[in-house]
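A.B. asks: dropping a prediction and its sequence here:
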Amino acid sequence: MYLVQIVAILGSVLLFSIVIDFIRRGLLKEKYSVLWLAAAIIILSLSLKKELLDTFAERLGVAYPPSLLFLVAFIFVLLINLHFSVVISIFHEKNKVLSQELALIKNALKESGIDPAGGHKGPGLPDD
């Protein structure tokens, strides 16, 4: 077995194990782990089946088949980054809307005589 093949096998098994452990401990949600698990499985299968890797490399015109493993890994990292950029953008927009709604609620409470910090400053009631 080539050194690159052994490193790829160990790396993909380690990645798979880490992702499963993170899911088990609640550090990573299942919906965010799909791309990581897919990357580990595809790299592992290409690492174990050298003929499959050679066939794909030949069809894609890659001269050195083990470099295809790193290309596949790089493409998955790009996809994961794109996915998280989309998620962050969505959360940013939701956070902005929530902040605006909170400001409107605080303003409405102030106008009605209620202190948003927890006190009541309405007419006729003594302050604490």
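C.D. replies: Received, thanks.

A.B. asks: is residue 110 in contact with residue 104, as I believe?
C.D. replies: No. In this structure, residue 110 is not within contact of residue 104 by Cβ atoms under 8 Å, at 10.8 Å. From N, CA and C alone the C-beta is placed, and that goes for glycine too.

A.B. asks: which residues does residue 69 contact?
C.D. replies: Shown in contact with residue 69 (Cβ atoms under 8 Å, 6 or more residues apart in numbering): 4, 8, 43, 46-47, 53.

A.B. asks: just the buried ones from these?
C.D. replies: 8, 43, 46-47, 53 (16 or more other Cβ atoms under 10 Å).

A.B. asks: could you list which of those residues belong to helices?
C.D. replies: 8, 43, 46-47, 53 (DSSP state H).

A.B. asks: wait, which of these is closest to residue 25?
C.D. replies: residue 43 (23.3 Å; Cβ to Cβ).

A.B. asks: quick check: the gap between that closest one and residue 8.
C.D. replies: 6 Å (Cβ to Cβ, to the nearest Å).

A.B. asks: one more: residue 107?
C.D. replies: Going from residue 107 to residue 8 by Cβ to Cβ gives 58 Å.

A.B. asks: confirm that residue 26 sits in a helix.
C.D. replies: No. Residue 26: not assigned to a helix; according to DSSP: H, G, I helix; E, B strand; the rest coil it is coil.

A.B. asks: quick one: contacts for it?
C.D. replies: By Cβ under 8 Å, 6+ apart, the contact list for residue 26 is empty.

A.B. asks: need phi/psi at it.
C.D. replies: Main-chain dihedrals, residue 26, degrees, to the nearest 10: phi 80, psi 10.

A.B. asks: my guess is residue 80 meets residue 35, correct?
C.D. replies: Yes. Contact criterion Cβ under 8 Å: residue 80 and residue 35 qualify, at 5.0 Å.
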